[in-house]
Structure formats: structure tokens, C-alpha cells
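Trainee: Okay, predicted coordinates and the sequence, questions at the end:
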Amino acid sequence: SREHVSIEQYIDDYFWVFLILGMVLGFVFPDQALVLDRYVIVFVMMLLYVVFLKIDMDSVIGHIRKPLLLIYLLVCNLLVIPAFVYFFTASLDPEIRIGIVLLACLPSGTAAPALTEIVRGKTSLTLVLTILSSILAPLTITALFYAFYRTAIPLDYGRLFLGLVAFTLVPLLLAQGSKRLFEGGIARCKRYLNAVSMLIMVVIIMVVIGREANYIRSHIGSIIHILVILYLVFFAFQVIGYFQAFWLKREERIAVSVSKMAMNNVLGIVIALSYFTPQVALVLVLSEIPWNTMPILYSLLRGRRSG
């Protein structure tokens, strides 16, 4: 029993080691990662199912009953921050700038609630922000890019909405049903859920990085400069997200921060490849690296606080 507890505690305290492990495996074994690529949607849904087993629906409803707060956070994340990014990146290379602006416009990714759970944030708040931002983002991305660049991006709203339902709401409903049917068994297994979700996350990261590994290698000359900029951008997203609702509890501020930092960059890669140049697409592809490593900041903050 003590051995199990120590292993779980290690995974919980050093989650960033496993995030980096997933990246390394993706770069070293891209062919094996691509074999699993066809199942990545299943892995994402499994991950969310495990995370949602720990979510209290009363907490979700509690957030929905605060519409003014949600409107404020969504306006900040989807409109205000992208506008600031557009104006404050005027000195960058135009294509890098477009990539950074596109990152700022993206909604929260489907894995954001899982990442919030890992870094001990309020998972239910990230879930609500993920769903709402995913519904609104096609409108805001289209409007902002037309305003900034006079570029029309005709996104498929129906497909995006159905994808959101499949990836998010289905695991949520299944998890709530499981809790009602197997309450005792799930309660006994609860202490293992973080470890299970972390292992699934490792597989997902391996697949995502493996999918882009060859693309990254073929653009190695441009990588360092862009990565430095991306790490600064992701750091800014985390800090702004954490302090934009400074009056909230710490776990809620972490949730807001993760909802901004853990954006849906797969959607961003698709948009970049469809409407912009390979250089813009490279920015979005490379964003996978800080996406997976910047959560280390939360680990450092946690250790400093406990110390």
C-alpha cells in the first residue's frame, strides 16, 4: 500500500517529467507514434472520461450560474488578449506574427481540463470555458482575422461543434453515468485516477509530437528563434490568465490560466496549413513544445508554495 502511495505521489509531484517523456518518445519513435495516431481521438476521450470521474456536476452548474464572470473571461481570452498580441507583436517577422496572433485567438483545447486536473486547478471551470470558447471561437477567429488582415477564414461551424460534443460532452455524460452506476468501485479507485490520466496524457503527447517530428526536423534552421518567442508568449498567456481574475481562489485562477495557455493548437495547425504559409504553420507546429513543457511553471509554483 505504501509503495502504491509513493508511486502516485511521485507521479503527482513530478508530472512534468512524464510530459517531457511523452515528447521525447514522440521525437525518438515517430513511426511507432504514427501507428497510434488513428486512435488519438479515443485516447483523448479516455483521458477526459477519467478526469470527469472526479468532476462534481454541482461545481459545473455553479460556474454556469455566474454568467458575468464567464462573459468577462471569454471576452478577455478570445478578443482582448488576441488584440493586445496583434498590437504588441508589430516588430516581429510578419509570418511569425500571424502565427502568434492565431495562437492567441484559439479556444481552449479538449485536453485543457485534464491538464488543469494535473496541476491542481479547478477542472470544472476549465471545462466550462473549454466548451464555451470552442463554440464561440469560429466566430471570433473569423472576425478578428478579417479585422486584422482582411483574410476570410470560412470555418466549418457544424463540424467543429459536433467534434466538441464528441470529444467533451460524451466523456462527461459517460463519467457521470458511471459514477451513478458504480459509485463504490469508482470511489475505491479514485486515488489511482491521476496516475491513469497522466499515462494516457503521455501517449497522447507522444502521438502529437510524433506526428510533427519530421516536419520539425525539416525546418530545424528556423526553430530556435521561433521557440524563444513561443516560450515568452506562453509564459505571458499563463501569467495574464492567472491574474486577469485576481479576486478568484487560487485553483480557479490556475484554471483560467490553463484555459488560455492550453489552447487547441491542432485547430490552429489546420487553419495555418489551409490559409497561410508554411512559416505560419511551423509556428503552430512548434507551439506543441511549450504547450507540453510550460506546465512545469505550475509545478515550480506549487513547490515554492509548499516550501
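Mentor: Noted; the coordinates are in hand.

Trainee: can you give me the helices for the stretch 101-250 of the chain?
Mentor: In the stretch 101-250 of the chain, the helices defined using DSSP state H, counting those that start in this stretch lie at 112-118, 123-149, 157-164, 170-181, 183-189, 193-218, 220-243, 250-261.

Trainee: Among those, show the one with the smallest mean pLDDT.
Mentor: Among the helices of the stretch 101-250 of the chain, helix 157-164 has the lowest mean pLDDT, at a mean of 76.

Trainee: Now that helix: buried residues?
Mentor: Neighbour-count burial for helix 157-164, counted by 16 or more other Cβ atoms under 10 Å, picks out 160, 163-164. C-beta: built from backbone N, CA, C; applies to glycine.

Trainee: what's the closest non-adjacent residue to the most centrally placed residue in the chain?
Mentor: For the chain, the residue sitting closest to the mean C-alpha position, by Cα atoms, centre = their mean, is Ala262 at 2.6 Å. Take Ala262 and drop its neighbours on the chain: the residue closest to it by Cβ to Cβ, 6 or more residues apart in numbering is Ala112, 4.0 Å away.

Trainee: before we move on, back to that, and the residue nearest to the centre of the chain, how far from Gln238?
Mentor: Counting by Cβ to Cβ, to the nearest Å, the gap from Ala262 to Gln238 is 10 Å.

Trainee: so how many other residues sit close to Leu169?
Mentor: Per other Cβ atoms under 10 Å, the neighbour tally for Leu169 reads 14.

Trainee: Export only the CA atoms of stretch 140-156, formatted as PDB.
Mentor: What follows is stretch 140-156, C-alpha atoms only, in PDB (Å, rounded to 0.1, in the frame of the first residue of the first chain):
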ATOM      1  CA  THR A 140     -14.200  35.300 -33.100                       C
ATOM      2  CA  ILE A 141     -11.300  33.900 -35.200                       C
ATOM      3  CA  THR A 142     -13.200  34.800 -38.400                       C
ATOM      4  CA  ALA A 143     -14.000  38.300 -37.200                       C
ATOM      5  CA  LEU A 144     -10.500  39.100 -35.800                       C
ATOM      6  CA  PHE A 145      -8.600  37.800 -38.800                       C
ATOM      7  CA  TYR A 146     -10.800  39.800 -41.200                       C
ATOM      8  CA  ALA A 147     -10.400  42.900 -39.000                       C
ATOM      9  CA  PHE A 148      -6.600  42.500 -38.700                       C
ATOM     10  CA  TYR A 149      -5.600  41.000 -42.100                       C
ATOM     11  CA  ARG A 150      -8.700  41.200 -44.300                       C
ATOM     12  CA  THR A 151      -8.400  37.400 -44.500                       C
ATOM     13  CA  ALA A 152     -11.500  35.400 -44.700                       C
ATOM     14  CA  ILE A 153     -11.400  32.100 -42.800                       C
ATOM     15  CA  PRO A 154     -14.600  30.200 -43.500                       C
ATOM     16  CA  LEU A 155     -14.500  27.600 -40.700                       C
ATOM     17  CA  ASP A 156     -16.900  24.700 -40.600                       C
END
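
Trainee: which residues make contact with that stretch from outside it?
Mentor: With Cβ atoms under 8 Å, 6 or more residues apart in numbering as the contact definition, stretch 140-156 has outside contacts at 78-79, 82-83, 86, 98, 101-102, 105-106, 138, 271, 275.

Trainee: Which members of these occur in strands, if any?
Mentor: Using DSSP state E, no member of these falls within strands.

Trainee: ok, of the residues you listed, which come out buried?
Mentor: Applying 16+ other Cβ under 10 Å to these flags 78-79, 82, 86, 98, 101-102, 105-106, 138, 271, 275 as buried.

Trainee: Just the closest of those residues to Ile200, please.
Mentor: Leu106 (22.5 Å; Cβ to Cβ).

Trainee: and the residue nearest to the centre of the chain, what does it touch?
Mentor: Taking Cβ under 8 Å, 6+ apart as the criterion, Ala262 is in contact with 108-109, 111-112, 115-116, 291.

Trainee: any idea how far Met206 is from it?
Mentor: Taking Cβ to Cβ, one finds Ala262 at 17 Å from Met206.

Trainee: Next, the residues that contact stretch 83-99 from outside, please.
Mentor: Contacts for stretch 83-99 (Cβ under 8 Å, 6+ apart): 100-101, 104, 144, 148-149, 226, 229, 233, 272, 276-277, 279-284, 287.

Trainee: quick one on the thing from earlier: measure how buried the residue nearest to Ala262 is and give me the count.
Mentor: 27.

Trainee: Can you verify my assumption that it contacts Val258?
Mentor: Yes - the pair Ala112 / Val258 is scored as a contact, 5.7 Å apart, by Cβ atoms under 8 Å.
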